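Q: predicted model follows, preceded by the sequence.
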Amino acid sequence: MIIRDLNKIIGTDMDVTGPGWTSRRLLLAGDGMGFSLHDTLIHVGQELHLHYTNHLEAVYCIEGKGRITDKGTGKVTDLRPGIVYALNEHDDHMIEADEEMRMVCVFNPPVTGTEVHDETGAYPAAPADA
């Protein structure tokens, strides 16, 4: 059984920050679960272009407000607590935060823990041994 406390992750190497976001990685590839689990903050006023070409992601908004734009279709969906979205087709998207948003994110394949977005908005492909 794996037990983690978010309060003990903050400030460690499992607390990763990039431009406009902070991701507290609760479960990682090394945990052997087949997915990774993140408690992520999208900071107020941010517009993040993300395109996970190597991962599928499901996101559940638990705090804050903003919107997601599907870059392929132009469709805009408001995000607020209780909304979930799944990037089941490696969807190219933009996230905008009107208030700081707190999201619970699941990635498949799991991330190893140190990933940050590249210039395309993707995380690198998972290593073969992950």
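A: It's in.

Q: in the chain, which residue is most central in space?
A: For the chain, Cys105 is the residue whose C-alpha lies nearest the centre (Cα atoms, centre = their mean; 4.9 Å).

Q: Gly34 versus that one, what's the distance?
A: 15 Å (Cβ to Cβ, to the nearest Å). For every residue, glycine as well, the C-beta is placed using N, CA and C.

Q: for Leu56, same thing?
A: For Leu56, the distance to Gly34 - Cβ to Cβ - is 12 Å.

Q: go on, Asp91?
A: Taking Cβ to Cβ, one finds Asp91 at 21 Å from Gly34.

Q: between these two, which one's more packed in?
A: Taking other Cβ atoms under 10 Å, Asp91 and Gly34 do not tie; Asp91 has more neighbours (18 against 10).

Q: so what's that one up against?
A: For Asp91, the contact set (Cβ atoms under 8 Å, 6 or more residues apart in numbering) comprises 51, 70-72.

Q: can you do 6 Å?
A: Asp70 (Cβ atoms under 6 Å, 6 or more residues apart in numbering).
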